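S.K.: sequence and computational prediction follow.
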Amino acid sequence: MEAKATLNYTRISPRKVGLVLDLIRNKPVDLAAAILENTPKAACEDLQKLLKSAVSNAEQNHQMDKSSLYVSKCYVTPGPILKRIRAKDHGRAHRILKRTSHITICVAEKE
């Protein structure tokens, strides 16, 4: 049994989020929260809220014990890309890709 929380259409690149998710995968929830608190990456703020939501879902919906929870799965998939134009020299235009992410964190109880 596992509880999950998802965050869709986040305006941050999936590559940047994936770096932080690799740090917390298969870690106990309290250790994962501490890692997110002390890591200076842009994705950490959103991931802290998402982890807190997943833990809350586990406690409320599945009656799991918070002290025995760990991050069983966490992954990021790319969302839609916002395409913008940047003016360049000689009347040219370059495309700017503003990437979005769908992030999922699953927590489960240790056996």
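M.R.: Looks like it came in fine.

S.K.: tell me the contacts of L21?
M.R.: Each residue near L21 by C-beta atoms under 8 Å, 6 or more residues apart in numbering is listed here: 47, 74-76, 103. To be clear about C-beta, it is placed using only N, CA and C from the backbone, and glycine gets the same treatment.

S.K.: please read the previous query as pertaining to I105.
M.R.: Here I105 is in contact with 4-6, 47, 50-51, 54, 71, 73-74 (C-beta under 8 Å, 6+ apart).

S.K.: quick one, strands of the chain?
M.R.: 2-10, 69-78, 82-87, 93-98, 101-109 (DSSP state E).

S.K.: single out the most deeply packed of the ones you listed.
M.R.: strand 101-109 (a mean of 21; mean count of other C-beta atoms under 10 Å).

S.K.: can you give me the angle that strand makes with strand 2-10?
M.R.: Relative orientation of strand 101-109 versus strand 2-10 (axes from the mean of the first three to the mean of the last three C-alpha atoms, to 10 degrees): 170 degrees.

S.K.: parallel or antiparallel, list what pairs with strand 101-109.
M.R.: strand 2-10 (antiparallel), strand 69-78 (antiparallel) (DSSP bridges).
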